[in-house]
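>>> need a 3D model of the sequence below.
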Amino acid sequence: MTGHDVAVVGGGCVGLSVAKHLAERSDLDIAVIEKEHHLAEHQSGRNSGVLHPGFNYPPGSQKARFATEGTRRMKAYCAEHGVPCEEFGVLVVAQDDEEERRLHELAEQAEANGVAYELLEGEAAIQEHEPHAAGQAALYAPEAASVDSQQYVYTLAREVQRAGVTLYTGHEVTRLTAVDDGYRLATTNSTVECDLLVNAAGLHADRLAHQVGVGEEYQVVPFRGEYYEVVPDRAELCETMIYPTPDPELPFLGVHYTRRTDGKVIVGPNAVLAFGREAYENTQFDLADLRETLTYEGFWKLMASPTMLAVAWEELHKSYRKEQFAAAAARLVPEVTERDLEKSYAGIRAQLVTEDGDLVKEPLFLERDDAIHILNAVSPGLTSSLPFGEHIATRLLAE
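Numbers count the residues shown, from 1 in each chain. Okay, here's the model as predicted:
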C-alpha cells in the first residue's frame, strides 16, 4: 500500500493544474492517479481546443472570471512552454433580428468582463473577416485562440513530474473509501492512501463522490459531441473561427467552425445523448451506463421540457444523417456541402444534472472531510484550467 499527502484522481487538464499549483505552493507529497495509460484520452483531449475569452458568460460569474483569466494565462503558458497556440479570433454570427439582439447582449457582457470586441453590421463587414461566412450581423472577439489541448496536457504532466509529483497511469480507481485519517483508493493496479483528496475524475467524478456520500443529488448525463473535418482543398472556407449566436437557454453552442493549430478546420460539435460515458461512436453503448441514465429521475425531468425534446430530436438527426449536419454547417458558410465534410473525432461532455432536472451550468465543486469533489468543470473547462486548478489548490490548502 502506497501513501501520499494528496491524491488527485484524474490526469486531465484540471487535475494536473491542481497538482501543479499544489506543488508550487507547498512541500506536500502529491500523486495524480489516471485510469488511462495515455493522458488526454477523454474530455481534455477530445474538444475543439478553443480558448474562449469570456464574452459568453454572465459578468461576475465564476465562468466569466475563469475564462478571461484563463485565456490570458493559457496564452502565456503556451508561449513559455512551446505549446502550439494561435490567436485567430472568433466571429459570432447572427442570422436574424432575434439573434442580432442577443449579439448586443453579448457585447454588453464582453464590455463588463473586459473582453475586446467589435460589432459588425451587414454581410460585407462580416466577409472582411471571413469571406465565405453569411449573416446579417456579427460580434468579432479578437482574443479567442486555438490551442493543441493534448500537447498542453502532456506539458502540464511533465511539469508536475519535474516538481516531484508522482503520476500513476493505468490506475483506475475502482473504490473510494473514507478512513480515519484520510482516504483509501483501490485501483486496478494498487491501493493508495492519502490524507487529502481531489476528485477530478471528469466523466466519473460523480460516481466517486457518491461512494463517500457526497453530491448524491447530482448525476453526470453524458452528451456526445461529434466533429467533421473540412476536406483539405476546401479548408479556405474558414480562415479563423465562425460561431452561431448562442441560445442562453441551452448549454451547447451549436455547430461551428474552428481552425486548429495544425491547419485543419473542424466543424461541430452536435450534442446528442451518449449511450455510455465513453461511447464515442454513435453505434457504441454501455448497458450499465445507459441504464444509469434512463433510471435517473433528473434525466426524465430534464427531457420533460419541450425545448429539450425538440433539441434532442434535432441533434439526433445530425448524428445519424450527415445531410442534417451539413445543413447546420451551411447556415454559417453556405458554400459548404456534404462532400466537403469528412467524419472526424468525437468527445463526450460530462453534463451534470440535478435530481430536479436542471442543467448545472456553473463550475461546481463540493468540499467535504478533507476532500474536494469537482463535479462540474464543463465548457470552458480547458480555457479555465489554470485559474480553476489554482482555485481548487488554494481551497484544499485551507482545509
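
>>> so for the host helix or strand of I348, mean pLDDT?
Assigned by DSSP states H and E, I348 belongs to strand 341-354. Per-residue pLDDT over strand 341-354 has a mean of 96.

>>> that one - contacts with which helices or strands?
If you count contacts as 3 or more C-beta pairs under 8 Å, 6 or more residues apart in numbering; DSSP states H and E, strand 341-354 packs onto strand 218-230, strand 265-268, helix 297-303, helix 322-330, strand 371-376. In this view, the C-beta of every residue, glycine as well, is placed from N, C-alpha and C.

>>> what is the burial count for E355?
Applying the criterion other C-beta atoms under 10 Å, we find 14 residues in the vicinity of E355.

>>> isn't it right next to L302, touching?
No: when contacts are counted by C-beta atoms under 8 Å, E355 is not listed as touching L302 (10.4 Å).

>>> quick one, domains of the chain?
According to automatic domain parsing, the chain comprises the domains 2-44+151-217+364-397, 218-354.

>>> what about the longest one, distance to the chain center?
On the basis of C-alpha atoms, centre = their mean, to the nearest Å, domain 2-44+151-217+364-397 is displaced by 17 Å from the centre of the chain it belongs to.

>>> tell me the mean pLDDT over it?
pLDDT averaged over domain 2-44+151-217+364-397 gives 96.

>>> what's the end-to-end length of it?
The straight-line separation of the ends of domain 2-44+151-217+364-397 (C-alpha to C-alpha, to the nearest Å) is 22 Å.

>>> how about the helices in the stretch 51-200 of the chain?
Assigned by DSSP state H, counting those that start in this stretch, the stretch 51-200 of the chain shows helices spanning 62-81, 97-113, 123-129, 149-162.

>>> take those helices and write them to JSON lines, including distance to F252 and mean neighbour count.
What follows is these, written out as JSON lines (distance: least, C-beta to C-beta, whole Å; neighbours: other C-beta atoms under 10 Å):
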{"stretch": "helix 62-81", "distance to F252": "15", "mean neighbour count": "19"}
{"stretch": "helix 97-113", "distance to F252": "15", "mean neighbour count": "17"}
{"stretch": "helix 123-129", "distance to F252": "23", "mean neighbour count": "15"}
{"stretch": "helix 149-162", "distance to F252": "19", "mean neighbour count": "20"}
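
>>> turn those helices into CSV, columns for distance to A205.
Compiled in CSV, these are given as follows (distance: least, C-beta to C-beta, whole Å):
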stretch, distance to A205
helix 62-81, 17
helix 97-113, 27
helix 123-129, 39
helix 149-162, 17
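
>>> quick one: which of these is nearest Q43?
Each of these has some distance to Q43 by C-beta to C-beta; the shortest is helix 149-162, at 9.4 Å.

>>> show me what the closest one is packed against.
The helices and strands touching helix 149-162, judged by 3+ C-beta pairs under 8 Å, 6+ apart, are helix 13-25, strand 30-34, helix 62-81, strand 166-169.

>>> can you list the helices and strands packed on strand 341-354 in CSV and add mean neighbour count and distance to V92?
What follows is these, written out as CSV (neighbours: other C-beta atoms under 10 Å; distance: least, C-beta to C-beta, whole Å):
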stretch, mean neighbour count, distance to V92
strand 218-230, 23, 19
strand 265-268, 25, 16
helix 297-303, 16, 27
helix 322-330, 18, 16
strand 371-376, 24, 24
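
>>> could I get these as JSON lines with distance to R162?
As requested, the helices and strands packed on strand 341-354 are exported to JSON lines (distance: least, C-beta to C-beta, whole Å):
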{"stretch": "strand 218-230", "distance to R162": "33"}
{"stretch": "strand 265-268", "distance to R162": "32"}
{"stretch": "helix 297-303", "distance to R162": "42"}
{"stretch": "helix 322-330", "distance to R162": "43"}
{"stretch": "strand 371-376", "distance to R162": "24"}
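
>>> and these: which comes nearest H129?
Going by C-beta to C-beta, the one of the helices and strands packed on strand 341-354 nearest H129 is strand 265-268, 15.1 Å.

>>> rewinding a little: nearest to Y117, of the helices and strands packed on strand 341-354?
Put simply, out of the helices and strands packed on strand 341-354 the one that sits nearest Y117 is strand 265-268, at 23.0 Å, with distance taken as C-beta to C-beta.

>>> and after that closest one, which helix or strand comes next?
On the C-terminal side of strand 265-268, the closest following helix or strand by DSSP H and E is strand 272-273.

>>> as a whole number, average confidence for that following strand?
Rounded to a whole number, the mean pLDDT of strand 272-273 is 92.

>>> chain center to it: distance?
Remark: strand 272-273 is offset 15 Å from the chain centroid, using C-alpha atoms, centre = their mean.

>>> in the following helix or strand past that strand, what's buried?
Counting by DSSP H and E, the next helix or strand C-terminal to strand 272-273 is helix 287-294. Neighbour counts over helix 287-294 (16 or more other C-beta atoms under 10 Å) mark D289, L290, E292, T293 as buried.

>>> which residue sits closest to S44, ignoring its sequence neighbours?
Of all residues not flanking S44 in the chain, G12 sits nearest, at 3.7 Å (C-beta to C-beta, 6 or more residues apart in numbering).

>>> and if you look at A125?
When the adjacent residues along the chain are set aside, A125 lies closest to A138, with 7.4 Å between them (C-beta to C-beta, 6+ apart).
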